[in-house]
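S.K.: just the structure for this:
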Amino acid sequence: MCAGLLVGIAVTLIGTLISAIIEFKPMSYWEMPFIYQILCFWLLAPVGEEAVFRGLAQGYLRAHIEGSFRLGKWRVSYPALIAALLFGLVHTIIIGEGANLPMTIFTVCMAFVIGLMAGYFRDETGR
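M.R.: Predicted structure coming up:
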């Protein structure tokens, strides 16, 4: 959990430094230069999200909630399920970027599935 917190702090500091060096003005994803898209949405955001949802949230929940359920051949813990639900719900933010309802539902569902898989692997590896 401490490593997740440190990664989250590092990602925040990197983002702050980048925004201090480069003048940012509010813009949508589609208006951003491609290099900013890579930095913000392909590198920094995924690392920060993993630190928050798998590192902090799932780690905290794992210390306080026990139990799991079967999903096919997988045994998924309740903390992994809750962290995946939160991870999916956070992605409703795309509505603010002008996404329509079907796209939002698709994105939230995919984020939930990816979060559930990541949570499962975190439980399995202990990392």
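
S.K.: report the distance from the helix or strand containing Val47 to the chain centre.
M.R.: Secondary-structure assignment from DSSP states H and E places Val47 in helix 45-50. With Cα atoms, centre = their mean, to the nearest Å as the basis, helix 45-50 stands 5 Å off its chain's centre.

S.K.: next SSE after it?
M.R.: Using DSSP H and E, the first helix or strand after helix 45-50 is helix 58-64.

S.K.: those helices in this structure, which residues are they?
M.R.: For the chain, the helices defined by DSSP state H occupy 2-21, 34-37, 45-50, 58-64, 78-90, 101-125.

S.K.: tell me which of those helices sits most buried.
M.R.: The highest average neighbour count among those, using mean count of other Cβ atoms under 10 Å, belongs to helix 78-90 at a mean of 20. For every residue, glycine as well, the C-beta is placed using N, CA and C.

S.K.: which strands and helices sit next to that helix?
M.R.: When contacts are defined as 3 or more Cβ pairs under 8 Å, 6 or more residues apart in numbering; DSSP states H and E, helix 78-90 packs onto helix 58-64, strand 68-71, helix 101-125.

S.K.: and with 6 Å instead?
M.R.: Secondary-structure packing of helix 78-90 (3 or more Cβ pairs under 6 Å, 6 or more residues apart in numbering; DSSP states H and E): helix 58-64, helix 101-125.
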